[in-house]
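Chemist: 3D model of this:
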Amino acid sequence: MYIVLIRLYGYFPLDLFLWCNIVAQAGLAYLQHCNLLVHCHCDKVHRLIRDLKLSNGCDPKFNEAVLATTYAWSVNYKPHGSGAFGDEKYDLLANFFDTCVMEDSLKANLIILVLCFFNTIQKSSNVKLVADDVVQKLLEQDSEHFQRYKCLMALDFEDDFGRTPTDEEMWNHMSELPSILANKGLPKPGRWCAWHECAHQQLKEFFATRCLLHWYFEDEGLPAPEEVNTKFQKCKGDLGGLKLLHRALTYVNHETACIMLLVSRPCWTWYTEQISEIKTPQEGVEQLMTWALSWYKDAHLLAIVKTLYDWRSLKKLVYYQVHQGRTDDDDLAATVFKYASNVLSRRLWTMSRYGTAPECFVGLVSSCVDHRQEAMRVMRRDWRLRNLAEQSYKCARIVPDLQFLFSAPVRLSCALFEQSGWDETSVPGTFVLKGVLTVLPDNKIVEDCHQAVRVEAKSHPNQKMTVPRVQSCVMNSNVFSSRKLFHVGKLTKEEFVQKWGKRQTADEQYGRKIFSSRYHRLPKSFSNIMKKKSWTSVNEEQYGKSYAAWEWIRFYTEHTLAETNVKVDDT
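Modeler: Here you go, the predicted structure:
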């Protein structure tokens, strides 16, 4: 989350952005309870990542698949970043093809000699049929493991048009697996959508890798991954290296990973579009205007629904099951529906915030007259409903949820518009509302600044990261310029020396300071933060409850349900 602090110092609001952990959320909840001019926003990118992560909890096999595939796609860097397991995979691939190519070359030379003999000595049709049959045998690789997995690899290596590669093409694909010849992306949990990127790159090499490992461990009598009933997390204590990689490549993990990538790909696309196209505060406001009118029609929500009847992808998953000797189509359909419905419900829950205050009032900061008038109508309606609910004892249980989104800055803006006679061009009301809504569209800028500092620290591990050095990293990272923000603190050494290099210090110029902050304490009321909690928390659950409360109270009044003896608190 990030917060926006608004203080009316003339015409200069002060904006402060902060990503909150649990402790910070508790502090913000108390500040809102004290009716200070503080407004909290949920960052859209963090909420997306949270929605996907929480959706994995709908079934244990989703977290199992993520854990297993994460190990499989990061094994090249292990152990401890040395890359020894990656070197072992490379040697495995080389040994496999050295063994098989030698046998095939000898066999091919013999077949060619036989064909030449048949073609030059005898011209009968019977001989020609035998020769064609031999040619067909030549086109097939004689590796037993290749023959066992070639149908599954054909589905993996299938191109975008659905064309199945030949045996020779698959054989060549296996000899040039990118994940073995080079280190691909690392699925770090802290890097957003890293798992999706790795799945897109390496999931199509799943059964080729399993074929190689099956051949590699055949003499050791290692059981098939499906024959091991122990969870992958527990196997990490008994196995390691490529044996643990072999254990990770189960049929169920492959199917589950394919389902997760299929369903969550629209969210990955949405994330990429948001961070690459929506960068400035003005672009964020324009995006809010679109969502305020039709958040439930957003493209990524519709794309998630379409995955439920993506017949080509679902049919391909059925083909995988057929070649694996499994017949649990109902379980496949149930898994796809369960994961898609969980992702969709959480995304709808998150996107519904754009239909409530203050995001639904964003039209008032627009230059379009129609948008301002529509937003003013919504503000008048919600402000009236909120005040009437506070005055009615029948709404006592729902009032805290209705009040949650109307923070002090939002209430101040509504009061200023009401004082102006609901004039959508009111300068004071628009000014306060802009302070809440005209902010950076996301707080990835904070993550980018931290990344620049982390890279600098890793490049000089023996040097201490002092405060001036951290500041220098942030100033020279070009993070602010990428968001088209004027960076006041960025300046060159020449500019610094020219303006301030020869000036006296503050103590030399003005004398030693007398003010000391340690003699100034917070008001006594702040000690209540350590007492029994009596205020609303700032978390995902509370935001969802508040969104639902506002949708219900609007529906209740628009359809005059009071006349049908339906109570507001019935929900």
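Chemist: Could you list the low-pLDDT ranges of the stretch 451-571 of the chain?
Modeler: Along the stretch 451-571 of the chain, segments meeting pLDDT under 70 span 488-489, 500-513, 571.
Chemist: Would you mind putting the CA coordinates of the helix or strand that contains residue 63 into PDB?
Modeler: For residue 63, the host element (DSSP states H and E) is helix 60-74. The C-alpha coordinates for helix 60-74 follow below in PDB (Å, rounded to 0.1, in the frame of the first residue of the first chain):
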ATOM      1  CA  PRO A  60      -2.700 -28.100  -2.400                       C
ATOM      2  CA  LYS A  61      -1.500 -29.300  -5.700                       C
ATOM      3  CA  PHE A  62      -1.100 -25.700  -7.000                       C
ATOM      4  CA  ASN A  63       1.400 -24.900  -4.400                       C
ATOM      5  CA  GLU A  64       3.100 -28.300  -4.900                       C
ATOM      6  CA  ALA A  65       3.400 -27.600  -8.600                       C
ATOM      7  CA  VAL A  66       4.800 -24.100  -8.000                       C
ATOM      8  CA  LEU A  67       7.400 -25.400  -5.600                       C
ATOM      9  CA  ALA A  68       8.500 -28.300  -7.800                       C
ATOM     10  CA  THR A  69       8.700 -26.300 -11.000                       C
ATOM     11  CA  THR A  70      10.500 -23.400  -9.300                       C
ATOM     12  CA  TYR A  71      13.200 -25.900  -8.300                       C
ATOM     13  CA  ALA A  72      13.300 -27.400 -11.800                       C
ATOM     14  CA  TRP A  73      13.800 -24.000 -13.500                       C
ATOM     15  CA  SER A  74      16.400 -22.800 -11.000                       C
END
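Chemist: what comes into contact with it?
Modeler: Outside helix 60-74, the residues that touch it by CB atoms under 8 Å, 6 or more residues apart in numbering are 55-57, 179, 184-187, 189, 195, 198-199, 202-203, 209, 231-233, 236, 244-245, 247-250, 252-253, 256-257, 260, 335, 339. Backbone N, C-alpha and C define where each C-beta goes, glycine included.
Chemist: Just the buried residues out of these, in PyMOL syntax.
Modeler: To isolate the buried members of the contacts of helix 60-74 in PyMOL, using 16 or more other CB atoms under 10 Å:
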select buried, resi 55+56+179+184+185+187+195+198+199+202+203+209+232+236+244+245+247+248+249+250+252+253+256+257+260+335+339
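Chemist: Give me the subset of the contacts of helix 60-74 lying in helices.
Modeler: Those of the contacts of helix 60-74 mapping onto helices are 55, 179, 195, 198-199, 202, 209, 232-233, 236, 244-245, 247-248, 252-253, 256-257, 260, 335, 339, per DSSP state H.
Chemist: Tell me where the protein is predicted with low confidence.
Modeler: 1-21, 100-142, 488-489, 500-513, 571.
Chemist: Quick test: name the residue nearest the centre of it.
Modeler: With distances taken as CA atoms, centre = their mean, residue 49 lies nearest the centre of the chain, 3.8 Å away.
Chemist: In this structure it contacts residue 194, no?
Modeler: No - between residue 49 and residue 194 there is no contact under CB atoms under 8 Å: 10.5 Å.
Chemist: what about residue 427, neighbour count?
Modeler: Neighbourhood size, residue 427 [other CB atoms under 10 Å]: 11.
Chemist: Ignore what I typed, I meant residue 389.
Modeler: 20.
Chemist: Okay, it and residue 397: tell me how far apart.
Modeler: 10 Å (CB to CB, to the nearest Å).
Chemist: Tell me, how many residues neighbour residue 348?
Modeler: Neighbour tally, residue 348, other CB under 10 Å: 16.
Chemist: now swap in residue 264 and tell me
Modeler: The burial count for residue 264: 28, using other CB under 10 Å.
Chemist: In space, what's closest to it - neighbours in sequence excluded?
Modeler: Leaving out its chain neighbours, the residue that sits closest to residue 264 by CB to CB, 6 or more residues apart in numbering is residue 52, at 5.7 Å.
Chemist: check contacts around that neighbour.
Modeler: 264, 267, 343.
Chemist: cutoff 10 Å now
Modeler: With contact set as CB atoms under 10 Å, 6 or more residues apart in numbering, residue 52 has these partners: 192-193, 195-196, 260, 263-264, 267-268, 271, 342-343, 346-347.
Chemist: can you tell me the helix or strand for residue 39?
Modeler: Per DSSP H and E, residue 39 falls inside strand 38-41.
Chemist: mind checking how far the host helix or strand of the residue nearest to residue 264 is from the chain centre?
Modeler: Secondary structure from DSSP H and E places residue 52 in helix 44-55. In terms of CA atoms, centre = their mean, to the nearest Å, the centre of helix 44-55 is found 6 Å from the chain centre.
Chemist: No more questions from me, cheers.
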